[in-house]
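*Asks:* just coords:
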């Protein structure tokens, strides 16, 4: 029985104290620490997702800004926008709203 324990001790003696220290350090850094590799991967994924959302909303902001500038500069477009979105009309006009039936 003692022979088996000596065999295990010889294995650890071959590793050396530096190898064991490096293995413990890597275990702490990669798995046990709060900033481990799994958390880093999840956070990188979240960062990429948020950056794509930022690009999406910047595009919407740019489109809205262009639309506002177009409405400020051209009165015909402003009148068309008011008629379509707010159902505004002139005094001598009638408005007819036509809705299409959905096919089931």
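*Replies:* That came in fine, so what should we check first? Given the structure is predicted, the values throughout are model-derived calculations rather than measurements. Residues are numbered from 1 along each chain as shown.

*Asks:* shaky segments in the protein?
*Replies:* For the chain, the stretches flagged by pLDDT under 70 are 1-15.

*Asks:* quick one: the biggest helix by length in it to chain centroid distance?
*Replies:* For the chain, the helix reaching the highest residue count under DSSP state H is reported as helix 37-73. In this view, helix 37-73 has its centroid 9 Å away from the chain centroid, taken as CA atoms, centre = their mean, to the nearest Å.

*Asks:* list the buried ones in it?
*Replies:* Neighbour-count burial for helix 37-73, counted by 16 or more other CB atoms under 10 Å, picks out no residue. The C-beta positions use only the backbone N, C-alpha and C, and glycine is treated the same way.

*Asks:* tell me which strands and helices that helix is in contact with?
*Replies:* The helices and strands touching helix 37-73, judged by 3 or more CB pairs under 8 Å, 6 or more residues apart in numbering; DSSP states H and E, are helix 75-86.

*Asks:* mind checking which residue lies nearest the centre of the protein?
*Replies:* residue 49 (1.7 Å; CA atoms, centre = their mean).

*Asks:* spit out the contact partners of that one.
*Replies:* With contact set as CB atoms under 8 Å, 6 or more residues apart in numbering, residue 49 has no partners.

*Asks:* for it, give its distance to residue 63.
*Replies:* Taking CB to CB, to the nearest Å as the measure, residue 49 falls 22 Å from residue 63.

*Asks:* again, but for residue 47
*Replies:* For residue 47, the distance to residue 63 - CB to CB - is 25 Å.

*Asks:* same question, residue 78
*Replies:* Taking CB to CB, one finds residue 78 at 17 Å from residue 63.

*Asks:* what of residue 18?
*Replies:* From residue 18 to residue 63 the distance is 60 Å (CB to CB).

*Asks:* quick one on the thing from earlier: what's the angle between the longest helix of the chain and helix 75-86?
*Replies:* Orientation check (axes from the mean of the first three to the mean of the last three CA atoms, to 10 degrees): helix 37-73 against helix 75-86 gives 120 degrees.

*Asks:* look up the closest residue to residue 87, ignoring the ones flanking it.
*Replies:* Excluding its sequence neighbours, the residue lying closest to residue 87 (CB to CB, 6 or more residues apart in numbering) is residue 95, at 6.0 Å.
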